[in-house]
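the following block contains a protein sequence and its predicted model.
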There are 2 protein chains.
Amino acid sequence: MSAETIEHRPTGWELRRERVSRHLERTALTLFANERPQDVTVERIAAAAGISMRTFFRYFASRDEVLASLPRSLIELLCARVRARPAHESLVEAFSAAVRETDQGRDADRELLLAWGLAVHRSPETVLLALARGAVSTAAAFQKAVTARLGVGPDDARAGAYAAALCGVVSYAFERWVAHGGTDSLSDTLLDALATLPDLR
Amino acid sequence: MSAETIEHRPTGWELRRERVSRHLERTALTLFANERPQDVTVERIAAAAGISMRTFFRYFASRDEVLASLPRSLIELLCARVRARPAHESLVEAFSAAVRETDQGRDADRELLLAWGLAVHRSPETVLLALARGAVSTAAAFQKAVTARLGVGPDDARAGAYAAALCGVVSYAFERWVAHGGTDSLSDTLLDALATLPDLR
């Protein structure tokens, strides 16, 4: 996703896609919060959301895709904003500014994110998988954003280490926020954690 | 594990336990490298290692335990050494010194670690789980070592962020080493990655 993509005005179809996707995510996370993971099938999610399985598969390829979608789209948005920050900012400055921008008017996301985090904390198997997938794709997205900012190739060791440190700190802050029941501000928790890192350039 | 535990002289039973554990790990990793993960059962590992399943279960509680054992024991050793480093050293200095100490005479581990890393890279499901479990326990071990060194409580946000950054960097370096086929020095790869972090205090 480029900086342009963020700013363009969504079409009616995109708005509908976004709305239905969020509805499916919310439904799936509610089921995960109340039932055994193995009982939360695509069939069950579609029925609870009041849509056909056929329609479900127009939005998500599998149950696990629903679970992975929300954090992935937020991380993509964050990383697009990191890349769009002025070049003179350090990595920590750019990530912090991107967190502040991404925080604007996303209360609905925050509630879903907490539900997601609680589902992840609650359920050993399924969710370790989601966690692992999420961790892998988050690390990859951070690495792309960092190599773009530093103007180095994808295998650059310094950029990789920076991205890994930033990714570790952001994940830690998110888990801390969930562990505290979502009562703190998510963006403050993220910004405090980022502020512990010295400027990485 | 305390610093004393590291230095004490192993008994005959401990040496045998260590030897048989390593033999089982090596056998399991060889099977993982050559067969589908779902085919690598406890029965299969025990048979290939030439021991009974009864004996297997004296060493490991499950197949996944075999897979998790090697990285976990090395991380515990590393963290014990981090805690034993002089108080005046920064976190990055202490972790770097601990990497150098842990590297001494562990060529056999290195070969097994590479096999472990390749199995993890190769196989989506099983191994994402092992990766997730490993990531969770590594993060916890790092956090304990860092809070001990900083003399703060387990919920300290700064210590948590530092541990997460260090854990991210160490995991990144390990994955980089595996991706390069284990041809570089593992400890140099780790030390280079740690050196990108400024001193965290």
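Here it is on my side, so go on.

can you show me the CA trace of the strand or helix carrying residue A:68 as CSV?
Taking DSSP states H and E as the definition, residue A:68 sits inside helix A:63-84. The C-alpha coordinates for helix A:63-84 follow below in CSV (Å, rounded to 0.1, in the frame of the first residue of the first chain):
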residue,chain,number,x,y,z
ARG,A,63,-11.4,-18.8,9.0
ASP,A,64,-7.8,-18.0,9.8
GLU,A,65,-7.8,-15.2,7.3
VAL,A,66,-10.6,-13.5,9.3
LEU,A,67,-8.4,-13.7,12.4
ALA,A,68,-5.3,-12.4,10.6
SER,A,69,-7.1,-9.6,8.7
LEU,A,70,-7.5,-6.8,11.3
PRO,A,71,-3.9,-6.7,12.6
ARG,A,72,-2.5,-7.0,9.1
SER,A,73,-4.5,-4.1,7.7
LEU,A,74,-3.6,-1.9,10.6
ILE,A,75,0.1,-2.8,10.3
GLU,A,76,0.0,-2.1,6.6
LEU,A,77,-1.6,1.3,7.3
LEU,A,78,1.0,2.1,9.9
CYS,A,79,3.9,1.1,7.6
ALA,A,80,2.6,3.1,4.7
ARG,A,81,2.5,6.1,7.0
VAL,A,82,6.0,5.4,8.3
ARG,A,83,7.2,5.4,4.7
ALA,A,84,5.4,8.7,4.0
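
hmm, the very next helix or strand once past it in reach of chain B?
Using DSSP H and E, the helix or strand that follows helix A:63-84 in sequence is helix A:91-103. No. Helix A:91-103 lies apart from chain B when judged by CB under 8 Å from any CB of the partner chain; the minimum separation is 10.7 Å. (Glycine included, C-beta is placed from N, CA and C.)

how about low-confidence regions in chain A?
A:1-8, A:105-108, A:121-134 (pLDDT under 70).

at 50 instead, please
For chain A, the stretches flagged by pLDDT under 50 are A:1-5.

got the residues of it near chain B?
A:125, A:128-129, A:131-133, A:135-136, A:139, A:157-158, A:160-169, A:171-173, A:176, A:192-193, A:196-200.

buried subset of those, written for PyMOL?
The buried residues among these can be selected in PyMOL (16 or more other CB atoms under 10 Å in any protein chain shown) with this line:
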select buried, chain A and resi 128+129+131+132+133+135+139+157+158+160+161+162+163+164+165+166+167+168+169+171+172+173+176+192+193+196+197+200
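
next, the angle helix A:91-103 makes with the helix holding residue A:68.
Relative orientation of helix A:63-84 versus helix A:91-103 (axes from the mean of the first three to the mean of the last three CA atoms, to 10 degrees): 120 degrees.

can you name the residue of chain A nearest chain B?
residue A:168 (2.8 Å; CB to the nearest CB).

that residue sits in which helix or strand?
Assigned by DSSP H and E, residue A:168 falls in helix A:157-179.

for residue A:22, same thing?
helix A:12-34.

which SSE is immediately downstream of that helix?
Immediately after helix A:12-34, counting by DSSP H and E, sits helix A:42-49.

spatially central residue in chain A, please.
By CA atoms, centre = their mean, chain A has its centre lying nearest to residue A:71, at 2.1 Å.

on that earlier part again, pull the CA atoms of the helix holding residue A:22 into PDB?
Extracted in PDB, the C-alpha atoms of helix A:12-34 (Å, rounded to 0.1, in the frame of the first residue of the first chain):
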ATOM      1  CA  GLY A  12     -19.100   2.500  -2.700                       C
ATOM      2  CA  TRP A  13     -17.900  -1.100  -3.200                       C
ATOM      3  CA  GLU A  14     -14.800  -0.500  -1.100                       C
ATOM      4  CA  LEU A  15     -16.900   1.000   1.700                       C
ATOM      5  CA  ARG A  16     -19.200  -2.000   1.600                       C
ATOM      6  CA  ARG A  17     -16.300  -4.400   1.500                       C
ATOM      7  CA  GLU A  18     -14.800  -2.700   4.500                       C
ATOM      8  CA  ARG A  19     -18.100  -2.700   6.400                       C
ATOM      9  CA  VAL A  20     -18.800  -6.400   5.700                       C
ATOM     10  CA  SER A  21     -15.200  -7.400   6.500                       C
ATOM     11  CA  ARG A  22     -15.400  -5.600   9.900                       C
ATOM     12  CA  HIS A  23     -18.800  -7.300  10.600                       C
ATOM     13  CA  LEU A  24     -17.300 -10.700   9.900                       C
ATOM     14  CA  GLU A  25     -14.300 -10.000  12.000                       C
ATOM     15  CA  ARG A  26     -16.400  -8.800  14.900                       C
ATOM     16  CA  THR A  27     -18.700 -11.900  14.600                       C
ATOM     17  CA  ALA A  28     -15.700 -14.300  14.500                       C
ATOM     18  CA  LEU A  29     -14.000 -12.700  17.400                       C
ATOM     19  CA  THR A  30     -17.200 -12.800  19.500                       C
ATOM     20  CA  LEU A  31     -17.400 -16.500  18.700                       C
ATOM     21  CA  PHE A  32     -13.700 -17.100  19.600                       C
ATOM     22  CA  ALA A  33     -14.300 -15.300  22.900                       C
ATOM     23  CA  ASN A  34     -17.100 -17.700  23.800                       C
END
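
and the angle for it with helix A:42-49?
Using the same axes, to 10 degrees: helix A:12-34 against helix A:42-49 is 110 degrees.

helix A:12-34 - contacts with which helices or strands?
helix A:42-49, helix A:53-59, helix A:63-84, helix A:107-122 (3 or more CB pairs under 8 Å, 6 or more residues apart in numbering or on different chains; DSSP states H and E).

distance to residue B:9 added to those helices, as a markdown table?
Output for the helices and strands packed on helix A:12-34, formatted as a markdown table (distance: least, CB to CB, whole Å):
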| stretch | distance to residue B:9 |
| --- | --- |
| helix A:42-49 | 58 |
| helix A:53-59 | 62 |
| helix A:63-84 | 49 |
| helix A:107-122 | 42 |
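
tell me the most buried of these?
When you average the neighbours per residue for each of the helices and strands packed on helix A:12-34 (mean count of other CB atoms under 10 Å in any protein chain shown), helix A:63-84 leads with a mean of 20.

check the offset of stretch A:191-200 from the chain's centre.
19 Å (CA atoms, centre = their mean, to the nearest Å).

what does stretch A:179-193 give?
15 Å.

which residues sit against that stretch?
The contact list for stretch A:179-193 (CB atoms under 8 Å, 6 or more residues apart in numbering or on different chains) reads A:96, A:99-100, A:102-103, A:110, A:113-114, A:117, A:121, A:169-170, A:172-174, A:176-177, B:157, B:160-161, B:164.
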